[in-house]
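*Asks:* just coords:
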Ligand code: URP
Ligand code: ZN
Ligand code: ZN
């Protein structure tokens, strides 16, 4: 199969020009003006933008969590991602405390293999770092192409590690050429506030928000940044939500320290007023919670300042029946919200269309930086000769409305119901094959490939 895409406006993290793209098999083979190469399929992209396939480095598919499973599996989740222009996702394997990393990897592989529609990779979440786990780090990086290790400073008793384990893990990961990523919130303070609110009979979703104030994230981020400086380990903070946490990273730049920062689309466009709607607020119960307007402003500015490097989703959907597990107690509401399908269009509409970020910045944070930071560049994350032909053909003028009736995620409500967007995905190619065309998915489950990642370079 070969494809010739004519006259699209090609946007990368650095370029913006009109040209043709010739794809042979899975790879971009030529880019130029008026290419005259015979191809099996020709696509007219006049008036359209062409972006690299989006990369969402923070998703939870089919994940056992808080007594249930996230409702999108590899098939439904990666298909919804493709509909939304995201061609590659990185999911989190969770180690069970007391068990090996390898046994968790086997479990996650059995969920993903043969089921993924789009491409995927794994981060390995280390929830129990000990002498046995330590031996597995090198193996994961060198043999499995899994080069990033997630840690939790909260969710005590299930996922959280203490600072002793964190430092030791960072030293080992640095030695072996990987990266440590972190859910940076102070688990002890959150547990204290959660118990206090419950004992006072304060049980609605609002108290999920009030149990995780900004200080819990600012303190943990600052502590993590210091541990990263001490160990020299390449480090990445996931789902950053607030000004206080961002200031910890800003401060670190004064000593020329680089910490990679991810925020998620919801923290840029939604705020904590949504928790005031009684149990309806459960739709947005996630950790960390939504914050204030001033935090949104800090995050948008942080993107333009080069402090926030990635916009992901932390896609972790639960159906309404699952959310209702916490109807009488906010601490039992499964944490997470569905967004995998909407990241690229929301970020374009709210960011580029509304003038907050440039087109190049859009591609940088949604496609290129995730590929660079997580060792997939230039195979993924850009449009150049030799790259995988993962491409999004995007109509910047088309208007549409988000609704549960139209989305492809396996969840029975939308956290963005009725949102009117400008800019719409028209066609998505994954490794040279048209995967989505005018809202139809043309590839089957099993089409998605596992992407082995390279060692981390520690800069972008
Ligand atoms: O609420 C969230 N974020 N759920 C998924 C697990 C995590 O903390 O990322
Ligand atoms: Zn988290
Ligand atoms: Zn997460």
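*Replies:* Nice, thanks for sending it over. Here the structure is a predicted model, which means the values were calculated and not measured. Ligands and ions are numbered 1, 2, ... in the order given.

*Asks:* which residues touch the residue in the stretch 1-150 of the chain that ligand 1 sits nearest to?
*Replies:* Using CB to the nearest ligand atom, the closest approach of the stretch 1-150 of the chain to ligand 1 is made by residue 60 at 5.3 Å. No exception for glycine: its C-beta is placed from N, CA and C like everyone else's. Contact analysis of residue 60 by CB atoms under 8 Å, 6 or more residues apart in numbering lists 70, 91-92, 314-316, 336.

*Asks:* measure it to residue 202 for me?
*Replies:* Here residue 60 is placed at a distance of 28 Å from residue 202 (CB to CB, to the nearest Å).

*Asks:* for residue 171, same thing?
*Replies:* Residue 171 is 41 Å from residue 202, where distance means CB to CB.

*Asks:* and the two? which has more neighbours close in?
*Replies:* Between residue 171 and residue 202, counted using other CB atoms under 10 Å, residue 171 has the larger neighbour count: 17 against 14.

*Asks:* assign the more buried one to helix, strand or coil.
*Replies:* Under DSSP: H, G, I helix; E, B strand; the rest coil, residue 171 falls in the helix class.

*Asks:* could you do the one 3 residues further on as well?
*Replies:* What three-state DSSP gives for residue 174 is helix.

*Asks:* tell me which element the closest residue in space to it that isn't next to it in sequence is part of?
*Replies:* Spatial nearest neighbour of residue 174, chain neighbours left out: residue 233 (3.9 Å); criterion: CB to CB, 6 or more residues apart in numbering. Assigning secondary structure by DSSP states H and E places residue 233 outside every helix and strand.

*Asks:* what's the separation between residue 233 and residue 136?
*Replies:* Taking CB to CB, one finds residue 233 at 17 Å from residue 136.

*Asks:* go on, residue 166?
*Replies:* Plainly put, residue 166 is 17 Å away from residue 136 if you go by CB to CB.

*Asks:* sorry, back to before: mind checking which of residue 233 and residue 136 has more residues around it?
*Replies:* Of the pair residue 233 and residue 136, residue 233 is the one with more neighbours under other CB under 10 Å, namely 23 against 18.

*Asks:* I'd guessed the more buried one sits against residue 179; true?
*Replies:* Yes: using CB atoms under 8 Å, residue 233 is in contact with residue 179, at 7.4 Å.

*Asks:* need the residues touching each of the two.
*Replies:* Listed contacts common to residue 233 and residue 179 are residue 173; contacts here mean CB under 8 Å, 6+ apart.

*Asks:* can you give me the neighbour number for residue 438?
*Replies:* Using other CB under 10 Å, residue 438 has 8 other residues around it.

*Asks:* and the gap between it and ligand 1?
*Replies:* Distance of residue 438 to ligand 1, given as CB to the nearest ligand atom, to the nearest Å: 32 Å.

*Asks:* which residues does that residue contact?
*Replies:* Contacts of residue 438 by CB under 8 Å, 6+ apart are 426-427.

*Asks:* ligand 1 contacts on the stretch 51-200 of the chain?
*Replies:* Contacts of the stretch 51-200 of the chain with ligand 1, taken as CB under 6 Å from any ligand atom, map to 60, 183.

*Asks:* tell me the pLDDT at residue 277?
*Replies:* Per-residue pLDDT puts residue 277 at 86.

*Asks:* low-confidence stretches in this protein?
*Replies:* Along the chain, the model assigns pLDDT under 70 to no residue.

*Asks:* sorry, back to before: nearest residue to the residue of the stretch 1-150 of the chain closest to ligand 1 other than its sequence neighbours?
*Replies:* Once flanking residues are discounted, residue 60 sits nearest to residue 316: 4.1 Å by CB to CB, 6+ apart.

*Asks:* same question, residue 42
*Replies:* Once flanking residues are discounted, residue 42 sits nearest to residue 4: 4.8 Å by CB to CB, 6+ apart.

*Asks:* and the stretch 251-400 of the chain, which residues reach ligand 1?
*Replies:* Residues of the stretch 251-400 of the chain lying close to ligand 1 by CB under 6 Å from any ligand atom are 286-287, 314, 316, 335-336.

*Asks:* is the residue nearest to residue 215 when sequence neighbours are not counted in a helix, a strand, or coil?
*Replies:* Nearest residue to residue 215, sequence neighbours excluded (CB to CB, 6+ apart): residue 244, at 6.7 Å. Classification of residue 244 using three-state DSSP returns helix.

*Asks:* for ligand 1, what's the nearest residue on the stretch 351-460 of the chain?
*Replies:* Closest point on the stretch 351-460 of the chain to ligand 1, by CB to the nearest ligand atom, is residue 415, at 12.2 Å.
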